[in-house]
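Asker: Show me the folded form of this:
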Amino acid sequence: MTPAPRARVPIWAVALLLAAAPAWGQSKTGTTIGQFLLIEPSARIAGMGNAGATMYEGLDAAYYNPAAAARISTMALEFSHSLWLADMTYDYAALALPFGGWGNTFLSVTSLNSGEMDVRTVTQPLGTGEKFTVADVAIGLGWARQITERFAVGAQASWLQETIWHTSVSTAVFNVGTLYRISGQGLHIGSSISNFGTHGAYAGRDLRVTFDADPSRNGDNGALPAEQFTNDFPLPVLFRVGVGLPVRLNPSTQLRLALDAFHPSDNTESVSAGAELAYHDLLALRLGYQNAFMSESEVGLTVGAGLNGKLDTYGYRVDYAWADQGRLGSTHRMTFGLTF
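Answerer: Numbers count the residues shown, from 1 in each chain. Next up is the predicted model:
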């Protein structure tokens with residue numbers, strides 16, 4: 001009787017598994033630049049656990065999925081302000097311009113600022129008398145178009161800069177997304193990829209130093225000018241996919257449910273979910289939970305409320321959201337939107 005042939009595993013496959021084994025279980029948290037791009041600006045969607053991949057009403061949804069801007073039919077302006085962690089301030093502004101069959105264009109500006117802090121050194125731990133700030137900014141231009149009545153696509157390109165006193169890094173950032181509505185009052189499916197682009201390295205006068213090329217030699221120049229170079233850092237790429245379902249409870253009340261799954265390049269996967277109960281398109285109450293199943297997550301419950309109205313030919317909305325940040329406390333967001 002002939003023995004059965006043994007299955008052979010290629011040597012390269014074994015080597016690949018052995019090389020990858022040390023990386024299992026490791027986290028890349030804190031290894032990317034542009035972390036402020038992950039701060040969600042919309043108070044409305046933040047109140048729903050930041051499950052925004054399938055949201056399509058309003059300019060605020062374009063941050064989560066650029067395709068959402070395709071359904072904007074009038075000029076829209078939005079401004080968000082957040083009291084962020086460690087007394088930092090976060091601001092976001094966006095403007096949408098509809099162009100009919102050509103699609104819609106939208107612009108956004110994102111800013112995170114630490115405020116002034118004391119410069120401290122080893123020899124002067126109480127401060128040198130100087131002040132420094134950490135400031136991040138991103139300026140983006142996007143486009144979205146309704147391909148069919150139910151399917152939309154969108155993209156956005158941004159320029160990012162992070163500055164720490166006299167040292168900064170800048171790079172290009174791109175977002176793309178799609179949104180499909182099975183029916184007007186049926187299931188919605190959305191997906192987006194955010195923050196992919198080129199790596200960046202810090203540069204600036206704070207990296208300039210002096211050094212002694214040969215400390216063992218007397219009489220040479222012991223203060224030669226030099227410059228330190230940092231590694232290139234990647235961006236925090238984030239893939240979102242979600243489903244949403246609007247449910248009309250009665251002619252005056254609608255319930256919206258949303259569920260998003262996240263796959264970040266620098267952290268573990270997670271899921272966020274939320275709900276919005278709206279009455280007469282006038283008052284809305286929201287509840288959500290963000291980043292469930294994320295390893296060592298400090299975030300969780302979110303709640304929010306919103307008010308919509310009209311002043312002559314102008315439409316307005318005001319939204320507020322509170323989000324639990326675990327041991328870091330909590331954050332508050334306010335968003336003001338205007339259509340005209």
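
Asker: Quickly run through the sheet partners of the helix or strand harbouring Ala273, with directions.
Answerer: Ala273 is part of strand 270-279 when elements are defined by DSSP states H and E. Strands adjacent to strand 270-279 in the sheet, as given by DSSP bridges, are strand 253-264 (antiparallel), strand 283-292 (antiparallel).

Asker: Quick one: distance of that strand to the chain centre.
Answerer: Strand 270-279 has its average C-alpha position 18 Å from the chain's average C-alpha position, going by CA atoms, centre = their mean, to the nearest Å.

Asker: same check, this time on stretch 96-106
Answerer: The gap between the average C-alpha position of stretch 96-106 and the chain average comes to 23 Å, counting by CA atoms, centre = their mean.

Asker: what is the rounded mean pLDDT of that stretch?
Answerer: Averaging pLDDT along stretch 96-106 gives 92.

Asker: Dump it to CSV, keeping only the CA atoms.
Answerer: Backbone C-alpha positions of stretch 96-106 (Å, rounded to 0.1, in the frame of the first residue of the first chain) are rendered in CSV as follows:
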residue,chain,number,x,y,z
ALA,A,96,-20.6,73.6,0.8
LEU,A,97,-21.3,75.0,-2.7
PRO,A,98,-23.8,73.0,-4.9
PHE,A,99,-23.1,72.9,-8.6
GLY,A,100,-26.1,70.9,-9.8
GLY,A,101,-25.2,68.1,-12.2
TRP,A,102,-21.5,68.7,-11.8
GLY,A,103,-21.7,67.7,-8.2
ASN,A,104,-21.0,69.7,-5.0
THR,A,105,-17.8,71.2,-3.7
PHE,A,106,-17.0,71.7,0.0
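
Asker: Okay, buried residues for that stretch please.
Answerer: Of the residues in stretch 96-106, those buried under the neighbour-count criterion (16 or more other CB atoms under 10 Å) are Ala96, Pro98, Gly103, Asn104, Thr105, Phe106. C-beta coordinates here come from the backbone N, C-alpha and C atoms, glycine included.

Asker: what does that stretch rub up against?
Answerer: The set of residues external to stretch 96-106 that reach it, using CB atoms under 8 Å, 6 or more residues apart in numbering, is 59, 62, 69-70, 72-77, 94-95, 141-146, 156.

Asker: List only those of those flagged as buried.
Answerer: Listed as buried from those are 59, 62, 69-70, 72, 76, 94, 142-146, 156; burial here means 16+ other CB under 10 Å.

Asker: If anything else comes up later, I'll come back, but that's it for now.
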